[in-house]
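*Asks:* Following is a predicted model, sequence given first.
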Amino acid sequence: MISDNYVKSGDSMIHIVFITDENYIMPTKAAIRSIIRNASGNTQGTIYVVGDIETDLQNHFAGLATDRFYINVIPVIKENRLAYKKEHLYVSSAALYKFMLPELLGKLDKVLYLDGDVIVEGDLRELFDTDIEGFYLAAVEDMCAVKQENVLEKTGNERYFNSGVMLLNLAMLRGENMPKELIDERMRDEDMRFMDQNVFNRVLGGKVKYLSAKFNFMKVNLRNFTEREIGYFYGISSAEYRTVCNNPVILHFTNKEKPWNTYEALDFEKWCMYLEGEEIPLVLKNCYGRFRDDIREKVAELETMYSLSIQRLERSMMFRIRQDNESQAYLLKEKQKEIDSLKMLVKKYLPEEKSDLEAEDGRPEKRYVIYGAGDYAMQVFKNCHAAKKDKEILAFAVTEPEKNPLYLYGIPVVSIGELKKQKDKVTVIVAVSQAYLPEICDKLYAFGFTDIVENGLQYKW
């Protein structure tokens, strides 16, 4: 319950209430300053701050009071907070206190509730003086929720209001025990996206007076709809809606980009006008941090995209290289057929030319096979090249040729099984890790190879 301090009565007083926690202290202070700065000369009232925080609320808000606006801080003491949460485990603290405003403000019959993410651009007298006799509250329709979230079907109502600005008939809500109805409905509701808003609409939606959009101007609508669409939704012309845009009484930051954590928030500069002292550098620091994190995230996305592009390019190049190798292998194979045919003719009809033919081949009778196609094999070949013995290499041999390129340094890469017929004519230089050496040597001996150099890296060409 509120204390007797600062409770005023009379037609000249307006009553406004905020609910805040540690994260919303600065936004709430900015909202309160906007109310005080933009109030007309004869408007006065009391601003109540219900705080669910551990620190001393009075220190945060007492300095905002003026001779025309009192600040009444209502801290929710730890014992009450624990009792509320124990009894209503699945209801958030902010929503719980919102439902309980008729009890927390037990001496008031009417109050204007405002979310902390608003600034007030005009005098609130007209709004507070709205006649809500017979209504639970007065509020503004939420176009984005209606058009994009299918909320009418979820609530069963013909219209749907935004609960961030509500002129509440506390006397009627208390009299009909609505706090309990709201809490019970919240505990039954499984849709957590709209926190208290769906519950307010479902329970109180039948007795709501709808207000002009100027009393809860949600600028995010302009990102999603045309002025004509918005005007039609609120029952006014496009020209009238432009007037609302230019002269809103309450500006509500309903989208996720809030001006205290990102430069990209709508009306960021306008909101910053209501900051004082150390709040300005703190907001700039927060916004810079968010901006920096967003840039890093975008850079990471670009790097990922670049990496994927390089991988796709490499795969494309390897495919083309494989195609080229296969084409080259086919041509060499066809050419080799011609050569073999000529050799057969020479041997058959010109046997005396046989020795000259072998001499022209430029290769000795004994040939070498390098077993392997990895780093060790590359080193063995480099040693061979340094000794100018390249032409003596018959092939690179591997167990699974399909997993390797067709050629290395212009020398074919083949299965070791394909060389069994030449096992007596080749020396196999093994170029693999020591861990695989016994297994490879056993396989070579099983295939019938007898001339095997097990330590290929040490071979003297």
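*Replies:* Right, received. Where do you want to start?
*Asks:* Isn't Gln197 up against Met166?
*Replies:* No: contact criterion Cβ atoms under 8 Å: Gln197 and Met166 do not qualify, at 10.2 Å. Glycine gets a C-beta too; all of them are placed from N, C-alpha and C.
*Asks:* Those two: who's more crowded?
*Replies:* Neighbours per residue (other Cβ atoms under 10 Å) separate Gln197 from Met166, with Met166 holding more: 27 against 21.
*Asks:* Pull up the gap between that one and Lys425, please.
*Replies:* Met166 sits 96 Å away from Lys425, going by Cβ to Cβ, to the nearest Å.
*Asks:* for Phe396, same thing?
*Replies:* Distance of Phe396 to Lys425, given as Cβ to Cβ: 17 Å.
*Asks:* Mind checking the pLDDT average for the helix or strand containing Ile35?
*Replies:* Element membership for Ile35 (DSSP states H and E) is helix 25-38. Across helix 25-38, pLDDT averages out at 96.
*Asks:* Then stretch 119-127?
*Replies:* Stretch 119-127 comes out with an average pLDDT of 96.
*Asks:* Off-centre distance for it?
*Replies:* The chain centre lies 37 Å from the centre of stretch 119-127; the measure is Cα atoms, centre = their mean, to the nearest Å.
*Asks:* How about stretch 372-383?
*Replies:* For stretch 372-383, the distance to the chain centre is 47 Å (Cα atoms, centre = their mean).
*Asks:* same check, this time on stretch 130-147
*Replies:* Worked out by Cα atoms, centre = their mean, stretch 130-147 lies 34 Å from the chain centre.
*Asks:* ok, now stretch 275-291?
*Replies:* Put simply, stretch 275-291 sits 23 Å off its chain's centre (Cα atoms, centre = their mean).
*Asks:* That one: which residues count as buried?
*Replies:* Neighbour counts over stretch 275-291 (16 or more other Cβ atoms under 10 Å) mark Leu275, Glu279, Val283, Asn286, Cys287, Arg290 as buried.
*Asks:* For the second one, which residues are in contact?
*Replies:* The one in question is Glu279. Residues counted as contacts of Glu279 (Cβ atoms under 8 Å, 6 or more residues apart in numbering) are Met26, Lys29, Ala30.
*Asks:* before we move on, the earlier item: what residues does the helix holding Ile35 touch?
*Replies:* With contacts defined as Cβ under 8 Å, 6+ apart, helix 25-38 is touched by 16, 18, 20, 47, 49, 53, 60-61, 64, 66, 68-69, 71, 114, 116-124, 258, 260, 271, 274-276, 279, 282-283.
*Asks:* hmm, 7 Å instead?
*Replies:* With Cβ atoms under 7 Å, 6 or more residues apart in numbering as the test, helix 25-38 has contacts from 16, 18, 20, 47, 49, 60-61, 64, 66, 69, 114, 116-124, 260, 271, 274-275, 279.
*Asks:* State the next helix or strand along the chain beyond that helix.
*Replies:* For helix 25-38, the following helix or strand on the C-terminal side (DSSP H and E) is strand 44-51.
*Asks:* what's the angle between that next one and helix 25-38?
*Replies:* Relative orientation of strand 44-51 versus helix 25-38 (axes from the mean of the first three to the mean of the last three Cα atoms, to 10 degrees): 180 degrees.
*Asks:* could you say what helices and strands strand 44-51 packs with?
*Replies:* Packing partners of strand 44-51 (3 or more Cβ pairs under 7 Å, 6 or more residues apart in numbering; DSSP states H and E): strand 13-20, helix 25-38, helix 57-61, strand 69-75.
*Asks:* cutoff 6 Å now
*Replies:* On a contact count with 3 or more Cβ pairs under 6 Å, 6 or more residues apart in numbering; DSSP states H and E, strand 44-51 meets strand 13-20, strand 69-75.
*Asks:* so which of these gets nearest Phe215?
*Replies:* Closest to Phe215 of the helices and strands packed on strand 44-51 is strand 13-20 (Cβ to Cβ; 12.9 Å).
*Asks:* Given that closest one, what are its sheet partners and their directions?
*Replies:* Partners of strand 13-20 in the sheet, by DSSP bridges, are strand 44-51 (parallel), strand 110-114 (parallel).
*Asks:* relative orientation of it and strand 69-75 in degrees?
*Replies:* Calculated by the same axes, to 10 degrees, strand 13-20 forms an angle of 40 degrees with strand 69-75.
*Asks:* Low-confidence regions, the stretch 151-300 of the chain specifically.
*Replies:* Applying pLDDT under 70 to the stretch 151-300 of the chain flags the ranges 189-195.
*Asks:* swap the cut-off to 80 and go again
*Replies:* The model of the stretch 151-300 of the chain has pLDDT under 80 over residues 187-195, 286-300.
*Asks:* what ranges do the helices span in it?
*Replies:* 151-155, 170-175, 178-188, 197-204, 221-224, 227-234, 238-246, 268-272, 279-349 (DSSP state H, counting those that start in this stretch).
*Asks:* Show me the one of those that comes nearest Leu108.
*Replies:* helix 170-175 (5.4 Å).
*Asks:* List the buried residues for the closest one?
*Replies:* Residues Leu170, Met172, Leu173, Arg174 are the ones in helix 170-175 that count as buried (16+ other Cβ under 10 Å).
*Asks:* Name the residue in Phe396 and Lys425 with the higher neighbour count.
*Replies:* Taking neighbours as other Cβ under 10 Å, Phe396 and Lys425 compare with Phe396 leading, 26 against 13.
*Asks:* Look at the more buried one and tell me its secondary structure.
*Replies:* Here Phe396 is strand, with the state taken from DSSP: H, G, I helix; E, B strand; the rest coil.
*Asks:* Which residue, other than its chain neighbours, is closest to it?
*Replies:* Nearest residue to Phe396 in three dimensions, chain neighbours excluded: Val413, at 4.6 Å (Cβ to Cβ, 6 or more residues apart in numbering).
*Asks:* I'd like the distance between that neighbour and Lys425.
*Replies:* 19 Å.
*Asks:* Start and end of stretch 252-264, how far apart?
*Replies:* End-to-end distance of stretch 252-264: 15 Å, with Cα to Cα, to the nearest Å as the criterion.
*Asks:* Go through that stretch and flag the buried ones.
*Replies:* For stretch 252-264, the neighbour count (16+ other Cβ under 10 Å) marks His252, Phe253, Thr254, Asn255, Lys258, Pro259, Trp260, Asn261, Thr262 as buried.
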